[in-house]
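1. Provide a 3D model corresponding to the input given below.
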Amino acid sequence: TMPKEPAVLRQNILDTTAAVLACGIDPKKCFLFRQSLVSEHAELAWILGCLTNVPHLLRLPQWKMKRASQNSKGTVGLLTYPVLQAADILLYKSTRVPVGEDQVLHLELAQDIAQHFNKKYGEFFPVPKAILSEL
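-> Residues are numbered from 1 along each chain as shown. Below is the predicted model of the structure:
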């Protein structure tokens, strides 16, 4: 949600990929891809954003904290980031999502969005459940 220098962003992508592989993720047993190359994430975020009300997003504590740290100049990207997270989860029809305590409200938003979508258009998205980690 914050502008990055292109060279720094490219290096961050490489560093993150290296860290994932160093943790033991085996690309022969899973799919490893750069999410930003999958346009369906942004497309679904737009659709879900059209179903999400702004007051709900304004109540999220992460919005309030980040906006305060940006001198009350919260951006649209920052406000709608939880909708993009919901799209990231729902796009793959995830049923279980590992989250820390700080992301529980964002997962609850994804659950609300999935339920609203399903009520309006028929059962399509599973309602994801949290796998809470102590780490």
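
2. all contacts plus neighbour counts: C-alpha atoms, from now on.
-> Will do.

3. Distance from the chain centre to the helix or strand bottoming out on mean pLDDT in the chain, please.
-> Sorting the helices and strands of the chain by mean pLDDT, DSSP states H and E puts helix 61-69 at the bottom, at a mean of 77. Counting by C-alpha atoms, centre = their mean, to the nearest Å, helix 61-69 is centred 17 Å from the centre of its parent chain.

4. The spatially most central residue of the chain in helix, strand or coil?
-> With distances taken as C-alpha atoms, centre = their mean, Q85 lies nearest the centre of the chain, 1.5 Å away. Secondary structure assignment for Q85 (DSSP: H, G, I helix; E, B strand; the rest coil): helix.

5. what's near enough to touch Q35?
-> H41 (C-alpha atoms under 8 Å, 6 or more residues apart in numbering).

6. change the start of the numbering to 193 and stick with it
-> Yes, from this point I'll number from 193; that puts the last item at Q227.

7. where along this structure do the helices fall?
-> 198-214, 232-241, 246-250, 253-261, 268-282, 296-313 (DSSP state H).

8. So for E326, which of these sits nearest?
-> helix 296-313 (12.7 Å; C-alpha to C-alpha).
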